[in-house]
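*Asks:* sequence plus the predicted model coming up.
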Amino acid sequence: MEKVLQFLNELSENNNKEWFHANRKRYEENRDKVLFITEVLINEIRKWDKDIPVMNPKDCMFRIFRDVRFSKNKQPYKNNFGSFIAKDGRKSISAGYYFHIEPEGSFMGGGIYMPSAEPLKAIRKYIADHGDEFYAIINDKEFKQVYPEMYGDKLKTAPKGFPKDHEFIDLLRYKSFAFSTNLKKEELLGENFIENVVKAFRKLYNVNAFLNTALDKNM
C-alpha cells in the first residue's frame, strides 16, 4: 500500500496528461493492487452477505479519470482509488460496501449515498413503517463505535408525502443513508488491514440488509 499512496501523492502534484502518460505503467501496477484488494474483500463479504454475487473486481472499482465537462475543477484524474462492492457493482442502486484510498483522506463505509428519487422514496416509505428497527440497528453500541453517525445532508422540512410530525421524521429527512469511518495511514499499512476492513464492513451488514429490503419491497 505504500507504493499506492506514493503514486497518488505524486499524481496529486502532477495532475496532468503528460505526467500520467509517462507513469502509465505505475498507474496500472497500483490499480492492479487495489483490484486485488477488492477481489479479496468481495470473497470475504460473500461469506456473510449472500446478496453479493461472484463478481469481477473491475465492476466495483471506479475509474480514475474524471468527467470534467460540468466541473470547475479541470484536473483530468482523481487523486484516489475507490471500490463499491454491491449487488450490481459500482453502478448499483443497492446498498453496499465502499473503501477509498487517498493520501490523508482514506476511509471505508457503506450504505446508500445520494440515491435518485425512486430508490430514495422507497427507502423513506419503508423507514416510515419500520423506523424503530432502523434506529435499533444504527444505535447498536458496537455499530456506533465504528460508525457514530449517518453521513449526508438533510432536508430542512419533511419530504413530500410525509407529515412534519412523523415519529421518524429525523430519519426521513436524510438524503443519504450512508456511514463511514476514517482510515489512518498506519492502518492502511498495517498487517491486519484487510482483516480490520472486513470487520468494519461486517458491522454494516444489518444496515445494508435493511436498505436493500426497502428497495426490494417498494420498487
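*Replies:* Ah, there it is. Residues are numbered from 1 along each chain as shown.

*Asks:* in the sheet, who's paired with Phe65?
*Replies:* When bridges are called by DSSP bridges, Phe65 pairs up with Tyr77.

*Asks:* neighbours around it, how many?
*Replies:* Counted with other C-beta atoms under 10 Å, residues neighbouring Phe65 total 10. Heads up, the C-betas are built off the backbone N, CA and C, glycines and all.

*Asks:* surely it is in contact with Tyr27?
*Replies:* No. Judged on C-beta atoms under 8 Å, Phe65 makes no contact with Tyr27 at a distance of 10.6 Å.

*Asks:* tell me where this structure has helices.
*Replies:* Taking DSSP state H as the criterion, the chain carries its helices at 2-13, 17-22, 24-45, 117-138, 141-146, 169-172, 185-188, 193-202, 205-218.

*Asks:* so what does the fourth one touch, helix or strand wise?
*Replies:* When you say that, I think you mean helix 117-138. Applying 3 or more C-beta pairs under 8 Å, 6 or more residues apart in numbering; DSSP states H and E, one finds that helix 117-138 contacts helix 169-172, helix 205-218.

*Asks:* output that helix as PDB, nothing but the C-alphas.
*Replies:* What follows is helix 117-138, C-alpha atoms only, in PDB (Å, rounded to 0.1, in the frame of the first residue of the first chain):
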ATOM      1  CA  ALA A 117     -35.700   9.900  -6.500                       C
ATOM      2  CA  GLU A 118     -37.200   6.500  -6.900                       C
ATOM      3  CA  PRO A 119     -35.000   4.500  -4.500                       C
ATOM      4  CA  LEU A 120     -34.900   7.400  -2.000                       C
ATOM      5  CA  LYS A 121     -38.700   7.300  -1.900                       C
ATOM      6  CA  ALA A 122     -38.700   3.600  -1.500                       C
ATOM      7  CA  ILE A 123     -36.300   3.800   1.500                       C
ATOM      8  CA  ARG A 124     -38.300   6.600   3.100                       C
ATOM      9  CA  LYS A 125     -41.500   4.700   2.700                       C
ATOM     10  CA  TYR A 126     -40.000   1.600   4.400                       C
ATOM     11  CA  ILE A 127     -38.500   3.600   7.200                       C
ATOM     12  CA  ALA A 128     -41.800   5.300   7.800                       C
ATOM     13  CA  ASP A 129     -43.200   1.800   8.700                       C
ATOM     14  CA  HIS A 130     -40.000   0.300  10.200                       C
ATOM     15  CA  GLY A 131     -38.100   3.200  11.700                       C
ATOM     16  CA  ASP A 132     -37.900   1.600  15.100                       C
ATOM     17  CA  GLU A 133     -36.000  -1.300  13.500                       C
ATOM     18  CA  PHE A 134     -33.600   1.000  11.700                       C
ATOM     19  CA  TYR A 135     -33.000   3.100  14.900                       C
ATOM     20  CA  ALA A 136     -32.100  -0.100  16.700                       C
ATOM     21  CA  ILE A 137     -29.600  -1.100  14.100                       C
ATOM     22  CA  ILE A 138     -27.800   2.300  13.900                       C
END
